[in-house]
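Visitor: Give me the fold of what follows.
(chains A and B)
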Amino acid sequence: MYRIMLRNIARHKAQFVSVFLMAFVALVIYAGVGAEWQGLRDNANEVYETARLADCWLYGDGFSDGALEKIRVLDGVVNAERRLELTATANVNNASLALYFVERGEISAPYIAEGAPFDAAGADGVWLFKRFADANNLRVGDDLTLTYAGISLTKTVRGLVYSPEAVYMASAGSLMASSDYAKYGFAYLPQAAFPLPVMPYSTLMIEGGVTEEEVSDALGGNYGVFLKQADHPGVSMFANEVAQHKMIADVFPVVFVLIALLTIVTTMTRLVTAQRTQIGTLKALGFRNQVILRHYVSYGLWLTLAGGISGAVAGVLTIPKLFEPSMSSFYSLPKWGASFSPAYAVVALMITLLSVVVIYVKCGGLLRETPAEALRPKSPKSVKHSALERSKLWQKLGFNAQWNWRDACRNPVRSATAVIGVFGCTSLFVCAVGMDASMRGMKTWQYDVICGYETEIALSETVTREQTDAIIAAVDGEAWMQNTAVVRFGGVSKTVTLTVTDGNELVRRTDAKLRPVTLPADGVSITRKLAKSLGVRSGDTIEWKIYGDNVTTQSAVVAVYREPTAQGITMSRAHFESLGFEYAPTSVLTAQTAAANFDGAESVTLRADSGKSWDEMTEALLIMVYLMIAAAAVLSVVVLYNLGLLSFTELERELATLKVLGVRAGKLRGLLLTQNLWFSAVGFILGLPGGLKLIDAIVAFSGDEFDFPVSLKLPTVLAAVAFTLGLSALVNLMFGGKLRRINMVESLKSAE
Amino acid sequence: MQIEFSNVTREYGAGDRKLKAVDGVSFGIDAGEFVVILGHSGAGKSTLLNLLGGMDTATGGEITVNGRVISNLNDNALADYRAETIGFVFQFYNLIPTLTALENVALTRSIVRSPLDAAGALAMVDLGEHAGQFPAQLSGGEQQRVSIARAIAKNPDILLCDEPTGALDSDTGIIILEMLHKLCREQRKTVIIVTHNAVLAECADRVIRMRNGKIRDIAVNAEPKAIREVTW
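Guide: This is a model prediction of the structure:
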């Protein structure tokens, strides 16, 4: 029996290889993508739990002991503590560092990667962001001088740390996040290190569940902004990224696993059916049913189990590694790596179990026949004329169409598997290419349409009016104020970006179709994505307040515009000042390529650098995209080739007959290609909307910040057509040799 | 002669395990003859038929049909030769199961330049009223008649029949043989039948007897009998 198995495997090696491959590819993708996002989540959670990430933050102008106590006694509050946050300049690389003067170090504490534990009670030392230290070659024991508002502090680096709040770190005052770790970073210091006698705590961190109403009541509204953990940009950017990967991990592999299952079922059914005579022979020789059953069941068992398990291992080992470089360039975690979930083994076993069940049922059915019945030719499938065959059109169809139509109708499962396979692959491809196109479209939109400046000079917190004016004059620039604001409408509030422009030359605003548009100078305009999520329309009145400020303002929305990355509200300087606010620019934009160091400037970002940073940020998604395209291609070829092979084996006799009748090999190939093209076409037509649905699902998980310009453009459709037809043609070419090699004598010799 | 085999050999395998299925065979057949090739299993008669039909290629010697050497043609030329010159009738019919009787015959339209009318060919084998049925709905004899109709519809010069009655009962077999005989006599087709039924020799113009890949003898019947005249 063992020899029979080996011979059968050798004889049907292509089918066996494809069953193995299907189980393998399905698990590579399922386990690989799953291990990737679960690894991200688990590694981040480890930091969050170890460092006790705050559940909410209060920002304000100085939280007193009394205020702290009022929060501490609230129901649901486990712990609360304060810190002072300010931005200083370091004596390396003229870098800008966020400094945290920490009260006790119990909530949102530094996560120690190297060096001494954080000593909140002491007054010595600084615990520096590890990536900043690495980028500037700083080690534990080195001295670091920090300057803020003319005061300098020199401290010894006692520890290298990560922050649970800065898994994602935006550079201060910049439009874009930065991954330039040599220039931006943060450092923790004990509060006693603060050089002034009065400690103006700017942040109050809370551990435990409280609502903004409770906090507001307790403090009499005396705070600027209440921020929940989920809304903290350092947390939410990463959470959104993980959610997006999870979304992809939840949707794509399911498509793969389903297609794999369908193909395995079809193949296994056919393989066993093809063994009917052999099963009859074995029975006639006196083998017991159980022995025969075990023999055939073992085919599916070992193949799919081996494919599934090796796929899961290969996926977990390789796929997370693909994402690591891009993820780690943009996010800061002490540890990267995959997580293993029992679900991978469950899916592998499920695929195995299913193939075993299919063989069991199919083989069991064949075993119920008597040996005599099994050795006789099988009664042909019932034949019925379909509606098309009874119509006049039928007579007009050529042999090719008639033959293929009948063959497809007689083999509904095989046909459905082919269509579903192509449908799945087209959906994956359209989604992948569509995502790729919209990421590129977004970059063009941001950097070619919107961005009219070459350089953004971020101003320091302590910049003076005169310094700002001097920079503007020196670079012929435009002042630009960007801040965080909380916008509220219909009972829902969102933390968004507030932009105040002074001049309209260097940052162009765009309408719904991404064309430049001039916003009204008088009034507040809102980005389309924010407007949609709040349900705001032009003419509605919204409430907003600046982050860290206590004044709430009501404004009527005068325009809605589209913005790719920073959702929020915008207004002119004149309007902002007319509301009683003081215009405090955060950066100066200029069309010149400025590199000089100005007094009062904190950093200089070139448009080209931002573009690069954008590429880094989108790299992870693009890797996902290419991975999907590659997997879709492999899957398509395996499915189509495998099904082609099944029909080829079943039709070999017919094909040999046609060959004997004088049909050339090229024409026979055309015959097989026709069916592949039909299935491809149907799968393709269904796959286009399927792909769009997938894109929608991914976009929905991309977070509040991003507005993707999703549309199915002609090039995407054409690429998908070329992809699908190309694979069909490739599979057909693979059959070319087989058709030429059909041995007419051998094929026709065997009895029916 | 319409068909000429000169020193034709067909070897299978390689090295020490070479097997000569046809071993240096030479003979000729005239147009319009009714030829019977006789021999035991493994004598090489089917291989001979396959070589003549362009389904297999000789490893030595030369085969000429209608003055054209066919033993050195490439795949496509052989396909065209099979399409235009040869009609096959198999022991197991080899109809396309997904096509009706009429469609199986009409298949020739897409292969041959000047085929006969499919319905006419089907009527010739008395199956006009079964045109819309699928092979699975027909009896063995009926299927073989469809197979003959398909061969006729191509309007070939030569009909090659490999054990055409092998899967049929004797009454039905006689009907099939009569049809083939009639085609030979009335339409001047060369009909070559491979069989191990020696009785058929009495009806043939020429009888080729084979043994172990070689020709044992060739007999020409001056007065062949009609199919019904022999005792089956």
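
Visitor: what sits against the residue nearest to residue A:487 when sequence neighbours are not counted?
Guide: What sits nearest to residue A:487 in space, not counting adjacent residues and going by CB to CB, 6 or more residues apart in numbering or on different chains, is residue A:544, at 4.6 Å. The way it works is simple: take the backbone N, C-alpha and C, and place the C-beta from them, glycine included. Contact partners of residue A:544, counting by CB atoms under 8 Å, 6 or more residues apart in numbering or on different chains, are A:485, A:486, A:487, A:488, A:498, A:524, A:552, A:553, A:555, A:569.

Visitor: Swap in 6 Å and give it another go.
Guide: Taking CB atoms under 6 Å, 6 or more residues apart in numbering or on different chains, we find residue A:544 in contact with A:485, A:487, A:553.

Visitor: Tell me which residues are up against the one helix or strand residue A:226 maps to.
Guide: Using DSSP states H and E, residue A:226 maps to strand A:225-228. Contacts of strand A:225-228 with the rest of the structure, by CB under 6 Å, 6+ apart, involve A:56, A:57, A:58, A:59, A:212, A:215, A:547, A:548.

Visitor: Let's have those residues in JSON lines, adding neighbour count and pLDDT.
Guide: Shown next, in JSON lines, are the contacts of strand A:225-228 (neighbours: other CB atoms under 10 Å in any protein chain shown; pLDDT from 0 to 100):
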{"residue": "A:56", "neighbour count": "24", "pLDDT": "93"}
{"residue": "A:57", "neighbour count": "21", "pLDDT": "93"}
{"residue": "A:58", "neighbour count": "27", "pLDDT": "91"}
{"residue": "A:59", "neighbour count": "18", "pLDDT": "89"}
{"residue": "A:212", "neighbour count": "16", "pLDDT": "86"}
{"residue": "A:215", "neighbour count": "20", "pLDDT": "90"}
{"residue": "A:547", "neighbour count": "16", "pLDDT": "78"}
{"residue": "A:548", "neighbour count": "16", "pLDDT": "71"}
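
Visitor: Tell me the one of those residues nearest chain B?
Guide: Of all those, residue A:56 has the smallest distance to chain B: 70.1 Å, by CB to the nearest CB.

Visitor: of all of the stretch 551-700 of chain A, which residue lies closest to chain B?
Guide: residue A:662 (2.4 Å).

Visitor: Now for the closest residue to that residue other than its chain neighbours: which residues touch it?
Guide: Among residues not flanking residue A:662 along the chain, residue B:83 sits closest, at 2.4 Å (CB to CB, 6+ apart). Contacts for residue B:83 (CB under 6 Å, 6+ apart) come out as A:662, B:111, B:112.

Visitor: Counting neighbours, what do you get for the last one?
Guide: Here the count is done by other CB atoms under 10 Å in any protein chain shown, and residue B:112 has 19 residues near it.

Visitor: Am I right that it is in a helix?
Guide: No: counting by DSSP: H, G, I helix; E, B strand; the rest coil, residue B:112 is not found in a helix; it is coil.

Visitor: Excluding covalently adjacent residues, which one is nearest to it?
Guide: Excluding the flanking residues, the one nearest residue B:112 by CB to CB, 6+ apart is residue B:154, at 4.9 Å.

Visitor: Can you tell me, leaving aside adjacent residues, what's nearest to the most centrally placed residue in chain B?
Guide: By CA atoms, centre = their mean, chain B has its centre lying nearest to residue B:160, at 1.1 Å. Nearest in space to residue B:160, with sequence neighbours left out and distances taken as CB to CB, 6+ apart, is residue B:53 at 4.9 Å.

Visitor: Check which residues of stretch B:165-176 are buried.
Guide: B:165, B:167, B:168, B:172, B:173, B:174, B:175, B:176 (16 or more other CB atoms under 10 Å in any protein chain shown).

Visitor: circling back: let me have the contacts of residue A:544 in JSON lines, extended by secondary structure.
Guide: Below are the contacts of residue A:544 laid out as JSON lines (three-state DSSP):
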{"residue": "A:485", "secondary structure": "strand"}
{"residue": "A:487", "secondary structure": "strand"}
{"residue": "A:553", "secondary structure": "strand"}
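
Visitor: Could you identify the buried members of those residues?
Guide: Of the contacts of residue A:544, these count as buried by 16+ other CB under 10 Å: A:485, A:487, A:553.

Visitor: could you list every residue that touches the first one?
Guide: I take that to be residue A:485. Applying CB under 6 Å, 6+ apart, we find residue A:485 in contact with A:496, A:498, A:544, A:546, A:547.

Visitor: Grab the nearest non-local neighbour of it.
Guide: Nearest residue to residue A:485, sequence neighbours excluded (CB to CB, 6+ apart): residue A:498, at 3.6 Å.

Visitor: tell me the phi and psi of the one you found?
Guide: phi -110, psi 130 (degrees, to the nearest 10).

Visitor: name the element residue A:141 belongs to?
Guide: Here residue A:141 is assigned to no helix or strand, by DSSP H and E.

Visitor: now the residue lying closest to residue A:626 once chain neighbours are set aside: how far from residue A:151?
Guide: Sequence neighbours aside, residue A:432 is the residue nearest to residue A:626 in space, at 7.4 Å (criterion: CB to CB, 6+ apart). In this view, residue A:432 and residue A:151 are 53 Å apart by CB to CB, to the nearest Å.

Visitor: quick one, which of the two is more surrounded?
Guide: residue A:432 (28 against 11).

Visitor: helices and strands around the strand or helix carrying that one, which ones?
Guide: Taking DSSP H and E as the definition, residue A:432 sits inside helix A:412-444. When contacts are defined as 3 or more CB pairs under 6 Å, 6 or more residues apart in numbering or on different chains; DSSP states H and E, helix A:412-444 sits against helix A:233-274, helix A:607-660, helix A:665-700, helix A:714-741.

Visitor: got the buried residues for it?
Guide: Here helix A:412-444 shows A:414-415, A:417-439, A:441-442 as buried, counting by 16+ other CB under 10 Å.

Visitor: Packing partners of the helix or strand just after that helix?
Guide: The helix or strand immediately downstream of helix A:412-444 is strand A:455-459, counting by DSSP H and E. Under the contact criterion of 3+ CB pairs under 6 Å, 6+ apart, strand A:455-459 touches strand A:587-590, strand A:601-606.
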